[in-house]
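Visitor: whatever this is, show me its structure:
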Amino acid sequence: MDLKAVGQRIKAAREAKNLTQEELAALVNLSTTHVSVIERGLKVTKFDTFVAIANALDISADALLIDVVTHSVTGVTNELSEMIEKLPKNEQKRILNAVRAFVG
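Guide: Predicted structure coming up:
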């Protein structure tokens, strides 16, 4: 497993949420040092810790493990879904209709 890649994605997700390592550590009941070790890919984290981090960052495990697991949502699909979720409902419907027209 590429721990560095997973750690980099955790760091990117944390930064996207405008959280410091200290803030993330507080959210998941870890030390700042432990968060740093995880983000640098120096140590495999426990499953419950990994889940807590993903939940705190509001990101799917698939997104964090995209190159590690063989059956996951593709990065493009996941990114597109996250972008669409942020739009108002009427814009979401317009995009859905456009995709249906394009694919159908």
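Visitor: which outside residues touch the helix or strand of the chain with the lowest mean pLDDT?
Guide: Using mean pLDDT, DSSP states H and E, the weakest-scoring helix or strand in the chain turns out to be helix 75-85, at a mean of 76. For helix 75-85, the surrounding residues in contact (C-beta atoms under 8 Å, 6 or more residues apart in numbering) are 60, 62-63, 66, 73, 92, 95. From N, CA and C alone the C-beta is placed, and that goes for glycine too.
Visitor: give me the lowest-pLDDT entry from these.
Guide: Sorting the contacts of helix 75-85 by pLDDT puts residue 73 at the bottom of the list (57).
Visitor: where exactly do the helices run in the protein?
Guide: Along the chain, counting by DSSP state H, helices occupy 3-16, 21-28, 32-39, 47-57, 61-64, 75-85, 89-103.
Visitor: what pLDDT does residue 70 get?
Guide: pLDDT, residue 70: 64.
Visitor: what residue is smack in the middle of the protein?
Guide: residue 59 (3.4 Å; C-alpha atoms, centre = their mean).
Visitor: that residue - nearest residue in space that isn't next to it in sequence?
Guide: residue 13 (4.7 Å; C-beta to C-beta, 6 or more residues apart in numbering).
Visitor: repeat that for residue 40.
Guide: residue 7 (5.6 Å).
Visitor: that neighbour - how many residues pack around it?
Guide: Using other C-beta atoms under 10 Å, residue 7 is surrounded by 21 other residues.
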